[in-house]
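Trainee: here's my sequence, what's the structure:
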Amino acid sequence: MQKAVRFYETGGPEVMRLEDITVGEPELGEVRVRHVAVGLNFADTYFRSGLYPAALPSGLGVEAAGVVEAVGPGVTGFAPGDRVAYTGSPLGAYSTARVMPADSLVKLPDEIAFETAAAMMMRGLTASYLLRRIWPLNDGDTILLHAAAGGVGLIVSQWAKLLGLTVIGTVSSDAKAELARAHGCDHVVRYDREDVPSRVRALTGGAGVPVVFDSVGKDTFAGSLDSLRRRGLLVCFGTASGPQPPIQAMQLAMKGSLYVTRPALADYIADPVERAELAGELFGHVAAGRIRIEVNQQYDLADAARAHSDLEGRKTTGSSIFVL
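Mentor: This next block holds a predicted model:
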């Protein structure tokens, strides 16, 4: 019998249940995938808590890697036995197997392990679009990266160094500071001890940075704006501490004609061609060893509540996965 984590009401980690399920045959345009590893992302907690809407009852998770077991009518490009990975598909990745749309999948190179793929699809593709699509960053530019020791942060730091960027990263502990430095951060700021905008200004000769990548949200929003140079861009791509406060347009003008964007990964991988380009560059860097994916926490599906508690309690570093 196959298993899946589901929730029937929104709330804390305790609302999740591991249940027996029946996985049927794929229909038109669908495939059945047997999961080997499943990704754990902060966005999963938003669906569970109700911050992001989901039709209840619901599964959880949008990222996994595994093997195609069967294909439905009209599916081309995939066959039973193919190694695949995905992110951004309908909720339901917290499962041992599932039927899903074939156009959500990408083929996984043999050089990349299932565990690595499950840990990096959402984080890696997020890093890919942040650095390759959002803003024309140039060799020698300096960026501010919040949560530099997190899953996205570790990938962005390494990729940024490949692009010739200087990285200022924020962290909450000495251990995370050491981890961030080991993955490419040139300067690490303890945001719980230091004033981030002041440090950023000191490190940039008073100018500020052209781009801030902020996945934290409410707690860092004001400091992120104050760390930007004139006509700089704040990229708000997460809300780990809560949603960003309302933005007053005149505030942006008074702080230097600033820009703010709130991108979503779904809009950068909706086009299969663009998704293939972003994934191809990511896979190339990982397969060649230029970017290391840190899988620092592994859980069983039965331990989903503990996994969410660890994630929300900021007890994790790098990426976390469920191993099946």
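
Trainee: so residue 183 versus residue 245, what's the distance?
Mentor: Separation of residue 183 from residue 245 (CB to CB, to the nearest Å): 30 Å. Using the backbone N, CA and C atoms, a C-beta is placed for each residue, glycine as well.

Trainee: more crowded one of the two?
Mentor: Counting neighbours by other CB atoms under 10 Å for residue 183 and for residue 245 shows that residue 183 has the greater number, 23 against 10.

Trainee: next, that one: phi, psi?
Mentor: Phi and psi for residue 183, reported as degrees, to the nearest 10, are phi -110, psi 20.

Trainee: ok, it to residue 321 distance?
Mentor: According to CB to CB, residue 183 stands 18 Å off from residue 321.

Trainee: pick out the residue nearest the middle of the protein.
Mentor: The residue lying closest to the centre of the chain (CA atoms, centre = their mean) is residue 123, at 3.1 Å.

Trainee: and for the closest residue in space to that one that isn't next to it in sequence, the neighbour number?
Mentor: Nearest residue to residue 123, sequence neighbours excluded (CB to CB, 6 or more residues apart in numbering): residue 151, at 4.2 Å. Number of residues near residue 151 (other CB under 10 Å) recorded here: 30.

Trainee: for the one 3 residues further on, same thing?
Mentor: Neighbour count for residue 154, taken as other CB under 10 Å: 30.

Trainee: what of residue 221?
Mentor: 22.

Trainee: domain parsing for this protein?
Mentor: In terms of domains, the chain is parsed into 2-122+272-323, 135-261 (source: automatic domain parsing).

Trainee: right, and the ones you listed - which one's nearest residue 129?
Mentor: Proximity to residue 129, assessed across the domains of the chain by CB to CB, is greatest for domain 2-122+272-323 (6.1 Å).

Trainee: so where does the residue nearest to the centre of the chain fall, helix or strand?
Mentor: Here residue 123 sits within helix 114-132, counting by DSSP states H and E.

Trainee: neighbouring strands - and their directions - for the next helix or strand after that helix?
Mentor: Downstream of helix 114-132, the next assigned helix or strand under DSSP H and E is strand 142-145. The sheet places strand 142-145 alongside strand 166-171 (parallel), strand 209-214 (parallel), with pairing taken from DSSP bridges.

Trainee: tabulate the ones you listed (JSON lines), appending mean pLDDT, distance to residue 33 and mean neighbour count.
Mentor: Formatted as JSON lines, those follow (pLDDT from 0 to 100; distance: least, CB to CB, whole Å; neighbours: other CB atoms under 10 Å):
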{"stretch": "strand 166-171", "mean pLDDT": "98", "distance to residue 33": "35", "mean neighbour count": "26"}
{"stretch": "strand 209-214", "mean pLDDT": "98", "distance to residue 33": "31", "mean neighbour count": "26"}
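
Trainee: okay, the ones you listed in JSON lines with distance to residue 75 next?
Mentor: Shown next, in JSON lines, are these (distance: least, CB to CB, whole Å):
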{"stretch": "strand 166-171", "distance to residue 75": "42"}
{"stretch": "strand 209-214", "distance to residue 75": "37"}
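
Trainee: alpha carbons of stretch 45-63, as CSV, please.
Mentor: Taking C-alpha atoms only, stretch 45-63 is exported to CSV below (Å, rounded to 0.1, in the frame of the first residue of the first chain):
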residue,chain,number,x,y,z
THR,A,45,4.4,25.2,5.9
TYR,A,46,2.5,28.1,4.4
PHE,A,47,0.0,25.7,2.8
ARG,A,48,-0.3,23.7,6.0
SER,A,49,-0.9,26.9,8.1
GLY,A,50,-3.3,28.4,5.7
LEU,A,51,-1.1,31.3,4.6
TYR,A,52,-1.3,29.9,1.1
PRO,A,53,-4.8,28.6,0.1
ALA,A,54,-5.4,24.9,-0.5
ALA,A,55,-8.6,23.0,-1.1
LEU,A,56,-9.1,20.7,1.8
PRO,A,57,-8.4,17.9,2.4
SER,A,58,-5.1,18.2,0.7
GLY,A,59,-1.7,16.7,0.2
LEU,A,60,1.5,18.6,0.7
GLY,A,61,4.7,19.2,-1.1
VAL,A,62,5.6,20.2,-4.6
GLU,A,63,9.1,18.8,-5.1
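
Trainee: can you pull out the helices in this structure?
Mentor: 42-49, 114-132, 151-162, 174-182, 196-203, 221-226, 249-254, 266-269, 272-287, 304-312 (DSSP state H).

Trainee: mean pLDDT added to the ones you listed, as JSON lines?
Mentor: Formatted as JSON lines, those follow (pLDDT from 0 to 100):
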{"stretch": "helix 42-49", "mean pLDDT": "93"}
{"stretch": "helix 114-132", "mean pLDDT": "96"}
{"stretch": "helix 151-162", "mean pLDDT": "95"}
{"stretch": "helix 174-182", "mean pLDDT": "95"}
{"stretch": "helix 196-203", "mean pLDDT": "98"}
{"stretch": "helix 221-226", "mean pLDDT": "97"}
{"stretch": "helix 249-254", "mean pLDDT": "95"}
{"stretch": "helix 266-269", "mean pLDDT": "94"}
{"stretch": "helix 272-287", "mean pLDDT": "94"}
{"stretch": "helix 304-312", "mean pLDDT": "96"}
